[in-house]
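*Asks:* Predicted model and sequence follow; I will ask about them next.
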Amino acid sequence: RKPAARTPAASRVELRSPDPSCNAYLALAVMIHAGLDGIEKDLDCPDPVRENIYDFDEEKREEYGIDTLPANLGEAVDALEEDEAIYNALGDHVSSKFVEAKRQEFEDYLVDVSDWELDRYLETF
């Protein structure tokens with residue numbers, strides 16, 4: 001995240017740590033590698049948005065170049081597979097095993113029937 005600065009000399013970039021359910025070691029390795037990748041490629045940080053992005057419609061988000069996060073683990077794994085920086089940070093072996101494990105986790109989730117579903121639908125249908 002790049003917070004708004006009153007003067008260019010006060011500009012900074014913040015690291016927003018991921019959810020604590022992640023593997024902290026892999027996440028830290030990926031974040032460091034992604035930062036170095038951005039420096040090596042001389043990537044620019046987008047300008048700060050000073051409006052409430054939760055009030056934006058799809059057109060407004062596109063105008064600002066704001067992407068939506070994956071809606072579920074399956075979409076997140078798809079996005080991970082397309083991200084060269086993450087694959088390079090983790091290496092082929094760890095990346096492929098991680099993707100394999102997360103795909104299996106998502107498949108297990110999809111076939112699980114939750115208590116909420118049982119309570120809601122079992123007697124209704």
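*Replies:* Sure, I can see it.
*Asks:* What is the helix or strand containing Gly74 packed up against?
*Replies:* Following DSSP states H and E, one finds Gly74 within helix 73-82. Other helices and strands packing on helix 73-82, by 3 or more C-beta pairs under 8 Å, 6 or more residues apart in numbering; DSSP states H and E, are helix 84-111. From N, CA and C alone the C-beta is placed, and that goes for glycine too.
*Asks:* ok now the helix it packs on, how far from the chain's centre?
*Replies:* 14 Å (C-alpha atoms, centre = their mean, to the nearest Å).
*Asks:* Could you do stretch 78-95 as well?
*Replies:* The answer for stretch 78-95 is 13 Å, by C-alpha atoms, centre = their mean.
*Asks:* what's it in contact with?
*Replies:* Contacting residues not belonging to stretch 78-95 are listed as Leu26, Ala29, Val30, Ile32, His33, Ala34, Asp37, Pro70, Phe98, Val99, Lys102 [C-beta atoms under 8 Å, 6 or more residues apart in numbering].
*Asks:* what's around Tyr30, how many residues?
*Replies:* Small correction: residue 30 is Val, not Tyr. Number of residues near Val30 (other C-beta atoms under 10 Å) recorded here: 21.
*Asks:* residues in contact with it?
*Replies:* Ala85, Ile86, Ala89, Leu90.
*Asks:* one more time with 6 Å, if that's ok
*Replies:* For Val30, the contact set (C-beta atoms under 6 Å, 6 or more residues apart in numbering) comprises Ile86, Ala89.
*Asks:* immediately after the helix or strand harbouring it, which helix or strand?
*Replies:* Taking DSSP H and E as the criterion, the element that holds Val30 is helix 24-40. Next helix or strand after helix 24-40 toward the C-terminus (DSSP H and E): helix 58-64.
*Asks:* Just checking the distance from that following helix to the centre of its chain.
*Replies:* For helix 58-64, the distance to the chain centre is 19 Å (C-alpha atoms, centre = their mean).
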